[in-house]
Each structure stands twice: as C-alpha cells, then as structure tokens.
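J.: Test case, fold it:
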Amino acid sequence: MGIEVNLDVILARRKVRSKDLAAFVGITEANLSLLKRGKVKGIRFETLARICEYLDCQPGDILRYTPEETE
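T.: Numbering: from 1, shown residues only. From the prediction side, this is the model:
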C-alpha cells in the first residue's frame, strides 16, 4: 500500500518522546513503534484523533498517500 507514516518526523519536530505520546493515547510503546514504522494494517480513528490532539496536528501531517509505481 502507498501510505507513508511520518509520525517519527512530527515527534522529532515537536521534541516529544514516544513514551509520552503512547501514555497519552493509551497504547503501548511497542504498538506506537509499529505505527511509526508503517508496520500496521490499520489505525482506529480514535487513536489517530488522540495522536493529533497531543501533537497539535492534522491526520495529513502524519499520513501521506504515495501512489505505487507500476511497471
């Protein structure tokens, strides 16, 4: 799938630790790490909303669609 996850970039810009974000959102650090690496198949809107609330950003700041190249 052509979805890029830029969560690690936003965390770095805001100088937020993954541990703090995970605690606020109510997920484990391991699950947040999987999300940051794009290794999840989906994300609940509630989780995405909590992330955006904590980071003061929009979903489009975290997720980006990039079309896959076909040969």
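
J.: CA only for contacts and neighbour counts going forward, please
T.: Will do.

J.: Give the buried residues for the longest helix anywhere in the chain.
T.: Secondary structure of the chain per DSSP state H: the longest helix is helix 45-55. For helix 45-55, burial by neighbour count (16 or more other Cα atoms under 10 Å) applies to 49, 50, 51, 52, 55.

J.: what does the next helix or strand after it rub up against?
T.: Per DSSP states H and E, the first helix or strand lying C-terminal to helix 45-55 is helix 59-62. Under the criterion Cα atoms under 8 Å, 6 or more residues apart in numbering, residues 5, 6, 7, 10, 48, 49, 52 lie in contact with helix 59-62.

J.: Same question for stretch 15-31.
T.: Contacts to stretch 15-31, defined as Cα under 8 Å, 6+ apart, come from residues 11, 32, 33, 47, 50, 51, 54.

J.: Among those, which one lies nearest to residue 39?
T.: Closest approach to residue 39 among the contacts of stretch 15-31 (Cα to Cα): residue 33, at 8.6 Å.

J.: residue boundaries of the helices in this structure?
T.: Assigned by DSSP H, the helices in the chain fall at 7-14, 18-25, 29-36, 45-55, 59-62.

J.: For these, give me CSV that also has distance to residue 69.
T.: CSV is the format used below for these (distance: least, Cα to Cα, whole Å):
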stretch, distance to residue 69
helix 7-14, 23
helix 18-25, 32
helix 29-36, 23
helix 45-55, 27
helix 59-62, 21
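
J.: Which one, of the ones you listed, ends up nearest to residue 68?
T.: helix 59-62 (18.3 Å).

J.: and the closest one, what's its mean pLDDT?
T.: Averaged across helix 59-62, the pLDDT comes to 96.

J.: Buried residues in the lowest-mean-pLDDT helix or strand in the chain, which are they?
T.: Each helix and strand of the chain was given a mean pLDDT (mean pLDDT, DSSP states H and E); the minimum falls on strand 3-5 at a mean of 92. Of the residues in strand 3-5, residue 5 count as buried by neighbour count, 16+ other Cα under 10 Å.

J.: burial of residue 12, as a residue count?
T.: 11 (other Cα atoms under 10 Å).
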